[in-house]
Every structure is written in structure tokens, then in C-alpha cells.
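**Q** Fold the following.
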Amino acid sequence: MFISYKVDDEIKLTYPLELNAAELQKVVAGSNEHLNRWVPWAKLDFSHEDALVHIQFLNDMFTKNSNFWVFINYRGKIVGGVGLNRFDLDNQATDLGYWLAESAQGNGIVTRACSAMIEYVFTDLGYNRIELRTNSENQKSVAVADRLGFTKEGTLRQAEVINNVFRDLDLYSLLKEEWD
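**A** Coordinates of the predicted model:
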């Protein structure tokens, strides 16, 4: 089983374990007003129990081959997550997602972590297409998609509910031939 992958001297991607629950709770609680705007599971009163449930959910979905998420560790501390939300074997496609604590933004962390995940998808899995959906209002996330070379394909109107409000999502894609 994948436990840890070194992206560079500052970033490691690590498999979510129950022993990470306290650190996950602290990261989300310390950035919950920011995360709560973009991430449906990051509720404002995110507790230790919520962290355990979230980690168990990620592990259950991995076991069912329906997603693969890892924590982003920056200089030895969990600051976010990056993952794949579905595996379409017939069409060799997957969805990329990520989240990052507000205090960790501006250091290229998500871009570097996503680059490693993209390389894994195209090289190790042999997939042809990665999709990325980001809230249309989340300009920092849109900038990540642009930096990574994704192409905007359109807007999915009212495609996600966050805090009981329907939000538009911009749909981006990246093809293997564009990454190579």
C-alpha cells in the first residue's frame, strides 16, 4: 500500500491514516471559514470525530476503487489534500481534486502536489484525460488549473451545493498529449 511519496524537498503526499485525525482537525479548524466556502465536508465546527469520519470515508472509497486521496504535507505538516474522485476505465479518465489550508497558500504547494498526481495518472495509470471542477468564484483554484495547463471546457451551472446554496463549477480538462 502507498504510504508516502516525496514530491520535492518540501512536499510529501501521505496516505490518510486515523493517527492523522488530530492534525487534520487542527488544519481544517484553523482554516474552516476559508475551506467552508469551497469544500462541502469542511463544516465550521469540524471536530476530531469529523476528522476520523472523513479519513475513514477516504479509506473506504479507496478500498472500493472509487477514489484515491492523499494528504499534502508541507515541511512536515498536513496542509491540504489532493486526489482522484473517480476512475473511468473504459474512457481512461479521472477527476482531480484538491484543497489547501488558507495559511499555506501562495507557496506553489497545490501546483506541485497536483503535478505529481497528474504524472501518476498519465504515467503509472496510463490514463488519457483528467478533469478538474472548480467553483467558478474560486479564483485561486482557477489559477491552479491555468498553471497546470488545463483547458476550460465550460461551466456546469448550479452543479454543487455548499452551505445550502447551489454553486456553478467550471469544468477543465487536461489530455495526456498536452502533458507530455
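**Q** Look at the residue nearest the centre of the chain and give its secondary structure.
**A** Nearest to the centroid of the C-alpha atoms of the chain, with distances taken as CA atoms, centre = their mean, sits Tyr98, at 1.9 Å. Here Tyr98 is recorded as strand under DSSP: H, G, I helix; E, B strand; the rest coil.
**Q** How about it, nearest residue that isn't a chain neighbour?
**A** In this structure, Tyr98 finds its nearest non-sequential neighbour in Val82, 4.4 Å apart by CB to CB, 6 or more residues apart in numbering. To be clear about C-beta, it is placed using only N, CA and C from the backbone, and glycine gets the same treatment.
**Q** For beta bridges, what are the partners of that neighbour?
**A** Per DSSP bridges, residues listed as beta-bridge partners of Val82: Val70, Tyr98.
**Q** Where does pLDDT dip in this protein?
**A** For the chain, the stretches flagged by pLDDT under 70 are 1-2.
**Q** residue boundaries of the strands in it?
**A** For the chain, strands defined by DSSP state E occupy the ranges 4-6, 11-14, 68-74, 77-88, 93-100, 129-135, 151-162, 165-175.
**Q** Just to check, Val121 is in contact with Leu132?
**A** No. Using CB atoms under 8 Å, Val121 makes no contact with Leu132, being 11.4 Å away.
**Q** list residues touching both of those two?
**A** Shared contacts of Val121 and Leu132 (CB atoms under 8 Å, 6 or more residues apart in numbering): Leu96.
**Q** In contact with the nearest residue to Thr134 once chain neighbours are set aside, which residues?
**A** Distances taken as CB to CB, 6+ apart put Ser141 closest to Thr134, at 4.0 Å, once the chain neighbours are dropped. Ser141 makes contact with 38, 98, 134-135, according to CB under 8 Å, 6+ apart.
**Q** Which single one of those is nearest to Val110?
**A** In terms of CB to CB, no member of the contacts of Ser141 lies closer to Val110 than Tyr98, at 5.2 Å.
**Q** ok, now which ones touch that closest one?
**A** 72, 80-83, 110, 113-114, 141, 144.
**Q** Just list whatever residues bridge to Thr155.
**A** Thr155 has the following beta-bridge partners by DSSP bridges: Asp170.
**Q** what residues are up against it?
**A** Here Thr155 is in contact with 136, 168-171 (CB under 8 Å, 6+ apart).
**Q** what about 7 Å?
**A** By CB atoms under 7 Å, 6 or more residues apart in numbering, Thr155 lies in contact with 136, 168, 170.
**Q** Who wins on neighbours among the residues you listed?
**A** Asp170 (21 neighbours; other CB atoms under 10 Å).
**Q** From Asn164, how far off is Asn135?
**A** From Asn135 across to Asn164, the span is 15 Å (CB to CB, to the nearest Å).
**Q** So which bits of the longest helix anywhere in the chain are buried?
**A** In terms of residue count, the longest helix belonging to the chain (DSSP state H) is helix 48-63. Residues of helix 48-63 classed as buried: 50-52, 54-55, 58, 61-62 (neighbour count, 16 or more other CB atoms under 10 Å).
**Q** Many thanks, I have nothing further to ask.
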